[in-house]
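> How does the following fold in three dimensions:
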Amino acid sequence: MKKINIKIGGVLIATFMLIAVSALAQNVPEVQKQSNTDSVVNVAFGTIATKDLLGGVSVINVSELLKKNYSTNSLDNLLSFVGGYTGNANLWGQGALILVDGVPRPAVDVRPVEIESITVLKAASAVVLYGSNASKGVILITTKRGSVKPLTIDVRANTGLFFPKSYPKYLNAADYMTFYNEASRNDGIAERYTAAVIDSTRSGLNPYKYPDIDFFNADYIKKAYNRSDVTTEISGGNELARYYTNLGLTSNNSIMNYGDQKNNKDFGFNVRGNVDMNVSKWLSASADAIVNMSDNYTGRGDFWGSSSTLRPNLFSSLIPISMLDTANNIPNRTTVENSNNVIDGKYLLGGLSTNQTNAFADMLAAGYIKRKSRTFLYNVGANADLGSLLKGLSFKAAYSMDYRSFYSEAYQVGYATYEPKWSRINGQDVITSLTKYGTDGNTTNESIGQTTYSQTNSFRSQFNYNNTFAGDHHVTAAFLGWWYLTQNSSDPNNGTNGNSGGSDYHPIRNTNLGLQAGYNYRQKYYVDFSGALVHSAKLPENNQNALSPTVTLGWRISDEGFFKNAISFVDNLKITGSYASLKQDLDITGTRPNSTIPTDYYLYAGTYGQDGNLGGFYTWRDGVAGGFTTMSGRGSNPYLTFIQRKEVRAGLEASFFKNLITLDVNYFSQNIKGLLTRGATLFPSYFTGSGDFRPYLNYNNDKRSGVDFTANVNNQIGQLKYSLGVSGMLYSSKAVQRDEVFQDAYQYRAGKALDASFGYISEGLFQSQAEINSHATQTFGGTVRPGDIKYKDVNNDRIIDNRDQVDLGHNGFAAAPFTYGVNLTLKWKNLTLFALGSGQNGAIGYKNSSYFWARSDSKYSEVVLNRWTDATKNTATYPRLTTTAGNNNYQNSTFWMYKTNRFNLTRVQFTYDFNENIFKNSFVHGLCLYVLGDNLLVVSKERKLMETNIGSAPQYRFYNLGVKAAF
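Numbers count the residues shown, from 1 in each chain. Reported below is the predicted structural model:
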């Protein structure tokens, strides 16, 4: 705690220093506004004029977008603006590296109100300078900084409500018991529940004796919960110093309305401050200090998890004291008097011998967890203009240090639950005795639970050259070095949360040199070479360095005389192409010998041992005595090397009819070569058995290809201004080479999509025992009966087993075959309507959650209403009910398969900007009000499924009211 307090103090001091510098800057006269003749965008280790981008790069001006699009997530709805982005930081089918101000940082470290722009670097030629860890793409978030202008204060406040979209629909207790009896009859066993019990439950006269648990009612959850935030931005400066400060507060409660979870809440505090200073005519410097603090309070109890598993008739979570026979039963009276948990003075906690603790009792009596997260980020940098030595030469360097800590303070106390014995006395239901499970604890102590730490250090330096010769020949060059290292550690916490403490022996690191050289003639002909010398400690000593080269060409054909004269409606047409061969070690991952524990290092080295994982016990000749012997766990491979991303890309950038229409299109083809395998089919069988001599090899190859696009239309009709943007991607992938062996050719993964989903082909439901007898034997366990799913015998061997699984389609785990997004802006006078949408097509999923797969005595959802029976055999859409595990029916197959095609209306916002003349003689310089709705609608054949979460908190619609004022 002392260390954390010191950090907080340091950040506050740094922030006050930044504010002090800003005040000093305001006292210097002759404030002038900076201007740029050509807009520039942030790219790898620098900026470039928008006109000179060479493809595979998309840019979003977040600060402008916020004027009509309030959001709280830094990567919010990028799919609606950027072709090739499919959510979850995924670019062209692979997970991208996120950089905030050039430093690897989580996107949650920064809020949209702090962001100036987001640059999405998709092409290999655009990310190569960042080295190995950026080989799958980069999302570069650039935060706001001060500019030359008078002191400006912007204040933004928001408050809104989250409304659950939907909850799962389960059968009530009486219906559950009725259907379970049917399942028992189907299995040829006795019914579990009597008609009297079912009728008494359905009547609802005594819900404590005949419980009917409904998780999704007002006793446990609210109709909505609130989120609010307020942000203040202070910025300004002059030619000597520019400053920016952002302070934010965020708070929200939760949907829960029961026990200690009624107090669930989150609170966040953010401070960001930076200053840019001109130290001299040739030297400038910058400093940033950021602190993010968040606190979470959560009452104990897995309410949402239990909602999908706890049967409605199992037990009553509360035992009414008023129904205890305390007059004639002294033990009952003593139980009440000695209990630490008499709820509202009326109830004891209910339970069973098989459910001695439960979510409801946890929420009422088990305690809470307080989680605290602290993040401290520091950046310093310097830029030197070396034009006095060589025109166009400059040098810059930057260092950053990030410190993160997370810890939890836990209060946990044991409790007793009770199982009642009911009797009928004088015509009344009375509890005559209680069986006690567990004991009531009594403690006032909090304990430290999970504690984790993370520290990232980053350093970069570079020489840049930028010059134009004879007004036409523009030359750029850069030579740079970049390094960062992240070390993670944790403290022991007495075995709770499975955390044993300690540090990662190997940190996350990236080390590389970069070289860029570019030339363009009149911004018409372009050539660029960019490359990186990468280093990896994961590889053998002789293979730890590699070169990643890229070459890019560009031609603005619209500037050619023959084109201008012939096609006048084209304002701009540029074609680009690039080739790249990136080397990366991100996918050099494996497991420890004879273990599932992941590891990234020393996979090239052979291992031996005689511990429990590797050793083998052998007896001596006498057949009695013996001992452990050393055995091989993995063979060595001194030639293990980098994985390559070889990419060919072609792009087109165009605008038409005086920028009425703009278009950006990229075709890409990536070959990923040298992915690791253990050689299951590449070595003789005797390499395994007594020990394992197989090494890791660079053998598997993948391919990804596709076309991404972004198109925009901007126009005005009278006083109505409108813009429409459409973005998307057509995507395909293939496992080119695999170390695999199957008996049937159709099961080989090589040649199929990386996201190929294998399953069985359903031929409907068996209608009779005769049909079962004549069909191939299904080997999933249990007795196959009429009403069970019938599967196709693909290989005609008269046995249904895993050899009958076939490729059923794309599961879209990285990207669906087609993804798209749209954004619409309508502005009439001072009123703006803004809307966002996104969607996907071509992928499949399976209805395989517990909501659909009702195993054994688990809960029944409404889907079982149309189950197979003799009476419904011609219309049934669900297999027969069973009290068994149902393994025959619960397999991924076309029976449960559905298309994940969907369109999401993700946001609609109305913004009204007040006329500035209203505030002409006041300290207010601008005011706007806005209302918005988020996550509004899913358009899909499977909308109900897609909007319903099983075993977790629901999806929400969010409605927000906000105001922004400038002073």
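
> Quick one: the strands in the stretch 251-400 of the chain, in order.
Across the stretch 251-400 of the chain, reading from the start of the chain, the strands by DSSP state E, counting those that start in this stretch fall at 265-278, 283-299, 318-320, 347-349, 367-385, 393-412.

> same question but for the stretch 501-650 of the chain, I mixed them up
If DSSP E, counting those that start in this stretch is used as the criterion, the strands of the stretch 501-650 of the chain fall at 502-503, 508-521, 525-535, 545-556, 570-584, 590-591, 598-599, 607-609, 616-619, 626-629, 631-634, 643-656.

> Just give me the neighbour total for Asn668.
I think there's a mix-up here, since residue 668 is Phe and not Asn. For Phe668, the tally of surrounding residues (other CB atoms under 10 Å) stands at 25. Backbone N, C-alpha and C define where each C-beta goes, glycine included.

> Need the three-state assignment for the residue nearest to Ala174 when sequence neighbours are not counted.
Counting by CB to CB, 6 or more residues apart in numbering, Arg202 is the residue found nearest to Ala174 once chain neighbours are left out, at 3.8 Å. For Arg202, the reduced secondary structure class is helix; criterion used: DSSP: H, G, I helix; E, B strand; the rest coil.

> burial count for Arg202?
Under the neighbour criterion other CB under 10 Å, Arg202 is assigned a count of 16.

> hang on, it packs against Tyr176?
No - under the criterion of CB atoms under 8 Å, Arg202 is not in contact with Tyr176, lying 10.9 Å apart.

> Which residues are in contact with each of these two?
The overlap between the contact sets of Arg202 and Tyr176 (CB atoms under 8 Å, 6 or more residues apart in numbering) is empty.

> Can you add distance to Arg156, mean neighbour count and mean pLDDT and give the strands of the stretch 251-400 of the chain back as CSV?
Conversion of those to CSV gives the following (distance: least, CB to CB, whole Å; neighbours: other CB atoms under 10 Å; pLDDT from 0 to 100):
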stretch, distance to Arg156, mean neighbour count, mean pLDDT
strand 265-278, 13, 19, 97
strand 283-299, 18, 19, 97
strand 318-320, 45, 20, 96
strand 347-349, 46, 23, 96
strand 367-385, 22, 18, 97
strand 393-412, 26, 18, 95
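
> Kindly reformat the ones you listed as TSV containing distance to Tyr820.
Conversion of these to TSV gives the following (distance: least, CB to CB, whole Å):
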stretch	distance to Tyr820
strand 265-278	33
strand 283-299	34
strand 318-320	51
strand 347-349	52
strand 367-385	35
strand 393-412	36
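
> where are the low-confidence patches of this structure?
Under the criterion of pLDDT under 70, the regions of the chain flagged as low confidence span 1-38, 492-504, 593-596, 611-617.

> quick one, helices of it?
2-26, 62-65, 124-127, 173-186, 195-203, 303-307, 330-338, 359-361, 561-566, 769-774, 943-946 (DSSP state H).

> To Ala49, which of those lies closest?
Ala49 lies closest, by CB to CB, to one member of the helices of the chain: helix 124-127, at 15.2 Å.

> What's opposite Leu929 in the beta bridge?
Beta-bridge partners of Leu929, counted by DSSP bridges, are Tyr912, Val963.

> how close does it sit to Phe267?
When distances are taken as CB to CB, to the nearest Å, Leu929 and Phe267 turn out to be 26 Å apart.

> same question, Gly427
As for Gly427, its distance to Phe267 is 54 Å (criterion: CB to CB).

> what does Glu446 give?
For Glu446, the distance to Phe267 equals 18 Å [CB to CB].

> need the contact list for the residue lying closest to Gly481 once chain neighbours are set aside.
Closest residue in space to Gly481, ignoring its immediate chain neighbours: Leu513 at 5.2 Å, by CB to CB, 6+ apart. Each residue near Leu513 by CB under 8 Å, 6+ apart is listed here: Phe479, Leu480, Gly481, Ala532, Leu533.

> quick check: longest strand of the chain.
Ranked by residue count under DSSP state E, the longest strand found in the chain is strand 447-469.

> doesn't Ala416 make contact with Thr357?
No - in terms of CB under 8 Å, Thr357 does not count as a neighbour of Ala416; the distance is 9.9 Å.

> Which one of these two is surrounded by more residues?
Remark: of Thr357 and Ala416, Ala416 carries more neighbours, 23 against 19, as counted by other CB under 10 Å.

> so that one makes contact with Thr435?
No - with contacts counted by CB under 8 Å, Ala416 stays clear of Thr435, the gap being 10.5 Å.

> Counting neighbours, which bits of the longest strand of the chain end up buried?
Within strand 447-469, the residues that qualify as buried by neighbour count (16 or more other CB atoms under 10 Å) are 449-458, 460-462, 464-466.

> Which of the contacts of Leu513 sits closest to Ala195?
Checking the contacts of Leu513 against Ala195 by CB to CB gives Ala532 as the nearest, at 75.8 Å.

> Just grab the bridge partners of that closest one for me.
Beta-bridge partners, per DSSP bridges, of Ala532: Gly514, Ser548.

> To what extent is it buried, counted in neighbours?
Burial of Ala532, expressed as a neighbour count using other CB under 10 Å, amounts to 28.

> cool, and Phe958?
The local packing count at Phe958 equals 17, with neighbours defined by other CB under 10 Å.

> show me the contacts for it.
Contact partners of Phe958, counting by CB under 8 Å, 6+ apart, are Gly160, Leu161, Phe162, Phe163, Arg227, Gly933, Asp934, Asn935.

> now swap in Tyr176 and tell me
Contacts were defined as CB under 8 Å, 6+ apart; by that measure Tyr176 touches Tyr170, Arg311, Pro312, Asn313, Lys859, Tyr860.

> Pretty sure the third one sits against Ile213.
So the one you mean is Pro312. Yes - with contact defined as CB under 8 Å, Pro312 and Ile213 form a contacting pair (4.6 Å).

> Identify the contacts common to these two.
In the contact map built from CB under 8 Å, 6+ apart, the residues linked to both Pro312 and Ile213 are Ala173.

> Strands of the stretch 651-800 of the chain, residue ranges please.
661-677, 688-689, 691-692, 697-717, 720-737, 756-759, 762-765, 777-778, 789-791, 799-800.

> burial of the nearest residue to Pro817 once chain neighbours are set aside, as a residue count?
Counting by CB to CB, 6+ apart, Gly842 is the residue found nearest to Pro817 once chain neighbours are left out, at 3.2 Å. By the other CB under 10 Å criterion, the neighbourhood of Gly842 contains 18 residues.

> Gly842 is in contact with Gly812, isn't it?
Yes - if you go by CB under 8 Å, Gly842 and Gly812 touch, sitting 7.4 Å apart.

> Look up how far Leu676 lies from the residue nearest to Pro817.
Gly842 sits 29 Å away from Leu676, taking CB to CB as the criterion.

> same deal with Tyr465?
Tyr465 sits 40 Å away from Leu676, going by CB to CB.

> Also Leu663?
Per CB to CB, Leu663 is found 40 Å from Leu676.

> what do you get for Thr589?
Using CB to CB, Thr589 is found at 7 Å from Leu676.

> Compare these two and say which is more crowded by neighbours.
Leu676 (20 against 15).

> Need the nearest residue in space to that one, chain neighbours excluded.
Nearest residue to Leu676, sequence neighbours excluded (CB to CB, 6+ apart): Tyr696, at 5.0 Å.

> which residues touch that neighbour?
Counting by CB under 8 Å, 6+ apart, Tyr696 has contacts Gly590, Leu603, Tyr604, Arg634, Asn637, Leu640, Leu676, Thr677, Arg678, Gly679.
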